[in-house]
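K.L.:
Just need the structure, nothing else, for what follows:
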Amino acid sequence: MRAVERIIGQFRSLGPYLAIELVLPGGSIVALLLWTYRNRDAARQTAARIANASYALWASFTVALLATGVREHATPHCPGR
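P.N.:
Sure, this is the predicted structure:
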């Protein structure tokens, strides 16, 4: 029962943002900016996790490409060389 109450509480906290999104033109962006401003700590943590995950994904693809020898094919071919 506590889980249901917690979920309902989270939906209630999103109510004002959903109203802004529905009423204003461009409301999605306004609601996102307002939520980010009011929840700065959570937004910073989320941005840090996204940045770390993006870097890890880029690094793993780079290592995989270099290990398979794609580096030789990655440079553009210049005619006349």
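K.L.:
Counting neighbours, what do you get for residue 54?
P.N.:
Residue neighbour count, defined by other CB atoms under 10 Å, stands at 10 for residue 54. Every C-beta, even on glycine, is put in place using the N, C-alpha and C of the backbone.
K.L.:
so it is in which element?
P.N.:
helix 40-68 (DSSP states H and E).
K.L.:
what's the average pLDDT for that helix?
P.N.:
Taken as a whole, helix 40-68 has a mean pLDDT of 86.
K.L.:
Quick check: buried residues in it?
P.N.:
Within helix 40-68, no residue counts as buried by 16 or more other CB atoms under 10 Å.
K.L.:
And that helix, how far out from the chain middle?
P.N.:
Chain-centre distance of helix 40-68: 11 Å, with CA atoms, centre = their mean, to the nearest Å.
K.L.:
what's that helix packed up against?
P.N.:
The contact analysis (3 or more CB pairs under 8 Å, 6 or more residues apart in numbering; DSSP states H and E) places helix 40-68 against no helix or strand.
K.L.:
Output the one helix or strand residue 13 maps to in CSV, but only the C-alpha positions, please.
P.N.:
Per DSSP H and E, residue 13 falls inside helix 2-23. Provided in CSV are the C-alpha atoms of helix 2-23 (Å, rounded to 0.1, in the frame of the first residue of the first chain):
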residue,chain,number,x,y,z
ARG,A,2,2.9,2.3,0.7
ALA,A,3,4.2,1.8,-2.8
VAL,A,4,0.8,2.9,-4.3
GLU,A,5,0.7,6.0,-2.0
ARG,A,6,4.3,6.9,-3.1
ILE,A,7,3.4,6.6,-6.8
ILE,A,8,0.3,8.7,-6.3
GLY,A,9,2.4,11.3,-4.5
GLN,A,10,4.8,11.5,-7.4
PHE,A,11,2.0,12.0,-9.9
ARG,A,12,0.6,14.8,-7.7
SER,A,13,4.0,16.5,-7.7
LEU,A,14,4.0,16.4,-11.5
GLY,A,15,0.5,18.0,-11.7
PRO,A,16,1.6,21.6,-12.1
TYR,A,17,4.2,20.7,-14.7
LEU,A,18,1.6,18.7,-16.7
ALA,A,19,-0.8,21.6,-16.6
ILE,A,20,1.9,24.0,-17.9
GLU,A,21,2.7,21.6,-20.7
LEU,A,22,-0.9,21.3,-21.8
VAL,A,23,-1.9,25.0,-21.5
